[in-house]
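> Here is my input; please provide its structure:
(chains A, B, C and D)
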Number of protein chains: 2
Amino acid sequence: MSTKVEAPLDSIVESARTAFYRSLLHKFKEAGHDITVEQWTLMLHLWQKEGQTQQEISGCSKKDNPSVCRLIDNMEKRNLVLRVPDQNDRRINRIYLTNKGKALQEELINIAQNNLKSSTKTISSTDLKTCKTVLEKMIENLTA
Amino acid sequence: MSTKVEAPLDSIVESARTAFYRSLLHKFKEAGHDITVEQWTLMLHLWQKEGQTQQEISGCSKKDNPSVCRLIDNMEKRNLVLRVPDQNDRRINRIYLTNKGKALQEELINIAQNNLKSSTKTISSTDLKTCKTVLEKMIENLTA
DNA sequence: TTAAATTACTTGTTTATGCAACTATTAATT
DNA sequence: AATTAATAGTTGCATAAACAAGTAATTTAA
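Numbers count the residues shown, from 1 in each chain, chains lettered A, B, ... in the order given. Down below sits the predicted model:
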């Protein structure tokens, strides 16, 4: 006896996410960069605005504080970012890119953008727009 | 100096996946089930066809063998599944649901379906269909 | 029929997430 | 001012993924 359950949207989202993840990880590696997708995402936030607190990074990356804390631990080990204690409030760390981290910006963004482009090249822009909107609505429904 | 990079589709997919993941995890927990999303997914495969080998499960779940191996380790600990060595080929384990695992089927599927429904209730079925198709094309482009 | 190759699974190591509990610092109360 | 509450970050523990390397059983080939 077996129950058939057609692949639902959530499992397709999961598959798509995994496909993106693996593809990008491999392309970073191919290009000689020992960097994870999560670390890349965090660097993307810092390239947009440096000196953010871990709290702020938690907020915009939608990760919890422990996750951000350890991500930064690992990125400090690899000399990508730096914790700088705030002058006025010693509870706060402000996170800055190292020169090594800054130097990676252009190349990593290129790799990620090419990866995205090659994944969507067969899809019309109106369908892509619809897909984005649908996913955003779902996120809203799930987190409301 | 800062570089603006608009939220691209891959990051939206990641956010949607995370939203699904957390929401489902909470709903399982609320209902009193100490079960992870990954474990639920594996059970879904087994509900459709019992007695699969770890190899087969790796294939259909798109996880690698070590991931499946440890997932099953954890599920055996919780008495959800059972490894049964194959009679003819002792390299092979066939994975069966325990009675406890079988008993969860209806309720867990209900929870997951309700979660999915509530996430998509504000979205037209044609847009949902488009979204699915787009994601499937992207997966194909990324894994080709 | 024995050695080599293949297959199925397992283990080790690093990175990451979820959650709870903890420390240090600052702000708010009384 | 001293106590309490809140905030920012850290650590501990369980689960999971990626990847490499290992073991055991079965095939294939010499």
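> where does chain A dip in pLDDT?
Within chain A, the segments meeting pLDDT under 70 span A:1-6.
> near DNA strand D, which residues of it show up?
A:18, A:21-22, A:25-26, A:29, A:53-55, A:58, A:65-66, A:69-70, A:72-73, A:83, A:89, A:91-94 (CB under 7 Å from any atom of the strand). Placement of C-beta: from N, CA and C, glycine included.
> Can you narrow these down to the ones near DNA strand C?
Applying CB under 7 Å from any atom of the strand to these, one finds that A:Asn65, A:Pro66, A:Arg70, A:Asp89, A:Arg91 fall near DNA strand C.
> In three-state terms, label the fourth one for me.
The one in question is A:Asp89. The three-state label given to A:Asp89 by DSSP: H, G, I helix; E, B strand; the rest coil is coil.
> how near is it to chain B?
Counting by CB to the nearest CB, to the nearest Å, the gap between A:Asp89 and chain B amounts to 23 Å.
> tell me the contacts of that residue?
By CB atoms under 8 Å, 6 or more residues apart in numbering or on different chains, A:Asp89 lies in contact with nothing.
> Next, give phi and psi for it.
Torsion angles at A:Asp89 (phi, psi; degrees, to the nearest 10) stand at phi -140, psi 100.
> about what we covered before: of the residues of chain A next to DNA strand D, grab the buried ones for PyMOL.
Remark: buried members of those, expressed as a PyMOL selection using 16 or more other CB atoms under 10 Å in any protein chain shown:
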select buried, chain A and resi 18+21+53+54+58+72+93+94
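> how many neighbours does A:Leu46 have?
21 (other CB atoms under 10 Å in any protein chain shown).
> tell me what the host helix or strand of A:Val68 is packed against?
Element membership for A:Val68 (DSSP states H and E) is helix A:65-77. Here helix A:65-77 touches helix A:37-48, helix A:54-61, strand A:81-85, going by 3 or more CB pairs under 8 Å, 6 or more residues apart in numbering or on different chains; DSSP states H and E.
> near DNA strand C at all, stretch A:101-120?
No. Using CB under 7 Å from any atom of the strand, we find that stretch A:101-120 stays clear of DNA strand C, coming within 13.5 Å at best.
> which SS class is A:Glu50?
With three-state DSSP as the basis, A:Glu50 sits in coil.
> Tell me how many other residues crowd it.
Number of residues near A:Glu50 (other CB under 10 Å) recorded here: 16.
> tell me the contacts of the residue nearest to A:Ser58 when sequence neighbours are not counted?
Of all residues not flanking A:Ser58 in the chain, A:Val68 sits nearest, at 4.9 Å (CB to CB, 6 or more residues apart in numbering or on different chains). The contact partners of A:Val68, by CB under 8 Å, 6+ apart, come to A:Leu42, A:Gln54, A:Ile57, A:Ser58, A:Ser61.
> Between those, which sits nearest B:Pro8?
A:Ser61 (14.5 Å; CB to CB).
> Go ahead and confirm the closest one touches A:Met43.
No. Applying CB atoms under 8 Å, one finds A:Ser61 not in contact with A:Met43, separated by 10.8 Å.
> how near is the residue nearest to the spatial centre of chain A to A:Pro85?
Nearest to the mean C-alpha position of chain A, by CA atoms, centre = their mean, lies A:Thr41 at 2.9 Å. Taking CB to CB, to the nearest Å as the measure, A:Thr41 falls 24 Å from A:Pro85.
> same deal with A:Ser67?
21 Å.
> higher neighbour count, the two?
Neighbour comparison, A:Ser67 and A:Pro85: the larger count goes to A:Ser67, with 15 against 10 (by other CB under 10 Å).
> so which helix or strand takes in A:Phe28?
Take DSSP H and E as the rule and A:Phe28 turns out to sit in helix A:9-30.
> Buried residues, that helix. List them.
Here helix A:9-30 shows A:9-21, A:23-24, A:27-28 as buried, counting by 16+ other CB under 10 Å.
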